[in-house]
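In: no FASTA, just this:
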């Protein structure tokens, strides 16, 4: 009997190219020898591959439709000879040749011979899926289905598994950068960001785009490079059981006046410029505060000589303390501590470009 390639793939003769691909995708994964050890599975895998190789090629399919499957009769009864292509799987190249001989209407003495090669089923599988083993990323701890991750040639599909456990696959998180200022870190802030996620259906073919506005709540004292996680708010690609997480990485913008430092990022370094005279004789400076609105702290230095390594702390005027580097948006770990760090004032001493001889003499006499 001839092989009905349409029947092998569970299709009718009017099947579209997409339906042929979908049928092959499902059955090739179901009967692949690496996963299906049942008797006869490998033969079914070979038959499915042969059917796909013929029907997916427009010219081969046209020839097959005209000669190879017009009747459900043995080929010899239709004046055509059919040689099982899988008898050639043992050859070095892995190719099989299918021959069709058709007698013309003018009589048995006139005939046309058609032939085409079908490739090794494992090569067909590798061309289609982009890998010779799409199962390697998965273990046997799947319960009802084994999901195959999408490659450029592969859409999502699944096939039954006998394992009693199930492991859900989720795409790697999508990372986005969110810039924040020191003022945001001082007071906390809520930022809104529009995200568009692409969500494929279970067949891995159709998808829809979901647009939503995420409210990103940045708590006071949050550290640079902290992460805020929105679970299952990202893309769901073919082969994945749920949407990916979106993770916002907080990036601290440089500030024109302060540099953040300290173990928890609670302190602010401020550089005050003073003249050599002020460094030696004393100075009163106004240190700006992060609260803004022109607020300053008056710092008087009169009882000490300032030098380039001098530091003076203004207690409690820095940033709030933070002990978490990662925040899960749906968790309750958003406790804010009232304690604040310090402003650390260091000094940039400006030396005069020139001194008169008289000034030098006076300094020479005054300085130890």
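Out: Alright, I've got the coordinates. Remember, predicted model here, so these are calculated numbers, not experimental data.
In: Would you state the strands of the stretch 101-250 of the chain in chain order?
Out: 111-118, 145-147, 158-160, 174-180, 189-200, 207-218, 227-230, 246-252 (DSSP state E, counting those that start in this stretch).
In: mind putting the ones you listed in TSV, distance to residue 355 included?
Out: (Each C-beta comes from the backbone N, C-alpha and C, glycine too.) What follows is the strands of the stretch 101-250 of the chain, written out as TSV (distance: least, C-beta to C-beta, whole Å):
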stretch	distance to residue 355
strand 111-118	95
strand 145-147	79
strand 158-160	85
strand 174-180	46
strand 189-200	50
strand 207-218	51
strand 227-230	55
strand 246-252	42
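In: what's the closest of these to residue 320?
Out: strand 207-218 (11.8 Å; C-beta to C-beta).
In: Tell me the helices and strands packed up against the closest one.
Out: strand 174-180, strand 189-200, strand 227-230, strand 246-252 (3 or more C-beta pairs under 8 Å, 6 or more residues apart in numbering; DSSP states H and E).
In: go with 6 Å
Out: Secondary-structure packing of strand 207-218 (3 or more C-beta pairs under 6 Å, 6 or more residues apart in numbering; DSSP states H and E): strand 189-200.
In: right, so of the strands of the stretch 101-250 of the chain, which gets closest to residue 356?
Out: Per C-beta to C-beta, nearest to residue 356 of the strands of the stretch 101-250 of the chain: strand 246-252, 46.9 Å.
In: which outside residues touch the closest one?
Out: 173-180, 216, 224, 226-230, 233-234 (C-beta atoms under 6 Å, 6 or more residues apart in numbering).
In: quick one: it to strand 174-180, angle?
Out: On the basis of axes from the mean of the first three to the mean of the last three C-alpha atoms, to 10 degrees, strand 246-252 is oriented at 30 degrees to strand 174-180.
In: Show the subsequent helix or strand relative to strand 246-252.
Out: strand 258-261 (DSSP states H and E).
In: Name the strands paired with that next one and say parallel or antiparallel.
Out: strand 267-275 (antiparallel) (DSSP bridges).
In: about what we covered before: I'd like to know which of the contacts of strand 246-252 are buried.
Out: Buried by 16 or more other C-beta atoms under 10 Å: 173-174, 176, 178, 180, 216, 226-230, 233-234, out of the contacts of strand 246-252.
In: which of the residues you listed lies closest to residue 287?
Out: Of these, the one sitting nearest to residue 287 (C-beta to C-beta) turns out to be residue 180, at 22.9 Å.
In: List the contacts of that closest one.
Out: 218, 250.
In: which residues does it bridge with?
Out: Where residue 180 sits in a bridge, its partners, by DSSP bridges, are residue 252.
In: what's the answer for residue 300, then?
Out: residue 284.
In: Settle this for me: it is touching residue 284, isn't it.
Out: Yes - with contact defined as C-beta atoms under 6 Å, residue 300 and residue 284 form a contacting pair (4.5 Å).
In: count of residues packed around residue 366?
Out: 8 (other C-beta atoms under 10 Å).
In: scratch that, residue 284 is what I was asking about
Out: 10.
In: From residue 308, how far out is it?
Out: 20 Å (C-beta to C-beta, to the nearest Å).
In: could you dump the buried ones among the contacts of strand 246-252 to TSV with pLDDT and distance to residue 11?
Out: Below are the buried ones among the contacts of strand 246-252 laid out as TSV (pLDDT from 0 to 100; distance: C-beta to C-beta, whole Å):
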residue	pLDDT	distance to residue 11
173	85	39
174	87	38
176	90	44
178	93	50
180	95	56
216	93	49
226	90	54
227	91	48
228	92	49
229	92	45
230	93	42
233	88	39
234	88	36
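In: So which of the residues you listed is the closest to residue 357?
Out: The shortest gap between residue 357 and any of the buried ones among the contacts of strand 246-252 belongs to residue 180, at 54.6 Å (C-beta to C-beta).
In: count of residues packed around the nearest residue to residue 217 once chain neighbours are set aside?
Out: The spatially closest residue to residue 217, leaving aside those adjacent along the chain, is residue 190, at 5.0 Å (C-beta to C-beta, 6 or more residues apart in numbering). The number of residues packed near residue 190 is 10, by other C-beta under 10 Å.
In: Relative to residue 213, how far out is residue 190?
Out: For residue 190 relative to residue 213 (C-beta to C-beta), the value is 11 Å.
In: contacting residues around residue 344?
Out: Residue 344 touches 267, 269, 311, 313, counting by C-beta under 6 Å, 6+ apart.
In: Excluding sequence neighbours, find me the nearest residue to it.
Out: Residue 344 sits nearest to residue 269 (C-beta to C-beta, 6+ apart), 5.0 Å away.
In: Now do residue 62 against residue 14, distance only.
Out: Counting by C-beta to C-beta, the gap from residue 62 to residue 14 is 14 Å.
In: Can you read off the pLDDT for the residue nearest to residue 217?
Out: pLDDT for residue 190: 94.
In: likewise the one 4 residues further on?
Out: According to the predicted model, the pLDDT of residue 194 comes to 91.
In: Let me know how buried it is, in neighbour terms.
Out: Neighbours of residue 194 (other C-beta under 10 Å): 8.
In: dump the residue contacts of it.
Out: residue 213.
In: Over to the one 3 residues further on?
Out: Under the criterion of C-beta under 6 Å, 6+ apart, the neighbours of residue 197 are 210, 234-235.
In: Serialize the residues you listed to CSV and add fields for distance to residue 253.
Out: Shown next, in CSV, are these (distance: C-beta to C-beta, whole Å):
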residue, distance to residue 253
210, 30
234, 25
235, 28
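In: and residue 35, helix, strand or coil?
Out: coil (DSSP: H, G, I helix; E, B strand; the rest coil).
In: What is the burial count for it?
Out: Residues near residue 35, counting by other C-beta under 10 Å: 17.
In: do the same with residue 201
Out: That count, for residue 201 with other C-beta under 10 Å as the rule, works out to 12.
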